[in-house]
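>>> Give me a model of this one.
(one chain, ligands or ions: 2)
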Amino acid sequence: MSHFPQSHVSYLTSPNAYFAAVPAPLLSTSDYAQGLAAGQRGTLARAITLVESTLPAHQALAQAVLAAVLPRTGGAVRLGITGVPGVGKSTFIEALGLYLVEKLDKKLAVLAVDPSSPRGGGSILGDKTRMPRLAAHERAFIRPSPAGGSLGGVARATREALLLCEAAGYDVIFVETVGVGQSEVAVHGLVDFFLLLMLAGAGDELQGVKRGIMEMADALLLTKADAGNEAAAARAARDYAGALHLFPPAASGWTVPVGTCSALTGAGLPEAWTTVEAYRAHTQANGYWAERRAQQQLQWLDEAVRQGLEGRFYEQPAVRAALPGVRAAVATGSVTPFAAAEALLGRGAARAGWDAAFAAAVAAGDLPEPDMSEGLANEFDRAGQ
Ligand SMILES: Nc1nc2c(ncn2[C@@H]2O[C@H](COP(=O)(O)OP(=O)(O)OP(=O)(O)O)[C@@H](O)[C@H]2O)c(=O)[nH]1
Ligand SMILES: [Mg+2]
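Ligands and ions are numbered 1, 2, ... in the order given. The predicted structure follows:
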């Protein structure tokens, strides 16, 4: 690594093994903001790296950058794309993406939410080799999932990356999700339109299609409708359309369409985009588009408050000192989890000198009385500082 000079900046934009290992030098808030306003890809990549960082100094700068560019955000169509591993998401994104940048002159950013993806160059190379033409296109920007950490952390970083892409002038954002449970819910909270890709004949169970995910979808698309698979795909589309009729009407007033497509032949791709545009026209006219975004903002507020309180709570020296003993007591069953939590919340936030003696008391089953009012008041004092 040491032979790779810090002053060499090509690593900022080129996908190589040093990407994660060599940190980009920080810019000033206004340099980030100006670079984004000018649509500079290198600045965008560096700003995304900044919002992905968990270092407190980086977080503070990231929030300043986001605040500075906020007026330039919100203009894109945000499209979530989900489906089980192997259904063809990346291939679909490459094909639909090329259609958008080449035929419709769009500027497209592709992001991903994959909490399971490892840190390092592997996923970058993996995503880009699956989208080789799109990755090379000047009007497209592809960024793999931030790696590591909780789903909440990955989703938050992706949301902030999405805003940065909008500030840099991208007017369509795709967010690819791994189709394995909670990540769909997280991506649904980021996007305007949620597209579920499916395969004919794979069976609902195999595709992990829970009713909840079908209910979140704004369109279903049977993909790989090519090479003799067209009729089966069309049949499956009719079956799903029938099944969707049984669902209660969506709050958007939108009827969820079911189509077929092939990322290999390109069949159905223009229609897929027409559907997204029709949804936008429909929901912008009836107010649902703005309402959905407002609801998402409020969800992010709740989430940020929850994460902030949790972080501050666990940072307290008294809590850190007592927690191992309390956890041990709960694990062995000598204290109930609820009673231990009440005691931690009530006393931990309030009293600085709280330490091993408390843990010993908890372990002995001699719980101090919780004092929620004092604990909460203290929490709000801290929040206000
Ligand atoms: N025949 C056919 N094959 C396709 C189509 N789309 C994707 N494939 C193939 O299906 C396989 C999986 O495609 P990917 O695009 O990597 O699928 P994915 O959903 O992104 O997979 P993960 O990222 O691993 O979850 C690849 O071998 C593709 O070539 C299609 O429209 N038709
Ligand atoms: Mg993929």
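>>> Would you mind measuring from residue 67 to residue 29?
The spacing between residue 67 and residue 29, counted by CB to CB, to the nearest Å, is 8 Å. For glycine as for every other residue, the C-beta is placed from the backbone atoms N, C-alpha and C.
>>> Could you check which of the two is surrounded by more residues?
Shown here are residue 67 and residue 29; by other CB atoms under 10 Å, residue 29 has more neighbours (17 against 11).
>>> For the more buried one, list the residues it contacts.
Each residue near residue 29 by CB atoms under 8 Å, 6 or more residues apart in numbering is listed here: 61, 64, 65, 68.
>>> wait, does stretch 256-264 contact ligand 2?
No: Stretch 256-264 does not reach ligand 2 (CB under 5 Å from the ion); its nearest approach is 11.4 Å.
>>> what about that stretch, how long is it end to end?
Using CA to CA, to the nearest Å, one end of stretch 256-264 lies 24 Å from the other.
>>> what mean pLDDT would you report for it?
Confidence for stretch 256-264, expressed as mean pLDDT, is 95.
>>> in it, what's buried?
Across stretch 256-264, burial judged by 16 or more other CB atoms under 10 Å covers 256, 257, 258, 259, 260, 261, 262, 263.
>>> wait, is the first one part of a helix?
I take that to be residue 256. No: counting by DSSP: H, G, I helix; E, B strand; the rest coil, residue 256 is not found in a helix; it is coil.
>>> just checking, it touches residue 215?
No: at 9.1 Å, residue 256 and residue 215 do not qualify as touching, with contact defined as CB atoms under 8 Å.
>>> Now the common contact residues for these two.
Taking CB under 8 Å, 6+ apart as the contact rule, residue 256 and residue 215 both touch residue 247.
>>> would residue 222 count as being in a strand?
Yes: under three-state DSSP, residue 222 sits within a strand.
>>> who's it bridged to?
As for beta bridges, residue 222 partners with residue 198, residue 260 under DSSP bridges.
>>> What residues does this structure have near ligand 2?
Contact residues (CB under 5 Å from the ion) of the chain with ligand 2: 89, 90.
>>> tell me the domain boundaries of the chain?
Residue ranges for each domain of the chain read 72-286, 316-384, as given by automatic domain parsing.
>>> What values do phi and psi take at the residue in the stretch 101-250 of the chain that ligand 1 sits nearest to?
Closest contact between the stretch 101-250 of the chain and ligand 1, by CB to the nearest ligand atom, is at residue 224 (3.8 Å). Here is the backbone geometry of residue 224 (degrees, to the nearest 10): phi 60, psi 30.
>>> Now do the same contact list for residue 269.
With CB under 8 Å, 6+ apart as the criterion, the residues that contact residue 269 are 95, 96, 99, 261, 263.
>>> and ligand 1, which of those residues contact it?
Restricting the contacts of residue 269 to those near ligand 1 by CB under 6 Å from any ligand atom leaves residue 263.
>>> With distance to residue 302 added, can I get the domains of the chain in CSV?
As requested, the domains of the chain are arranged in CSV below (distance: least, CB to CB, whole Å):
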stretch, distance to residue 302
domain 72-286, 11
domain 316-384, 15
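>>> Mind telling me which of those domains the model trusts least?
When I compare these, domain 316-384 is least confident, with a mean of 68.
>>> what's the following helix or strand after the helix ranked longest in the chain?
Longest helix in the chain, counting residues (DSSP state H): helix 288-315. Sequence-wise, the next helix or strand downstream of helix 288-315 (DSSP states H and E) is helix 317-331.
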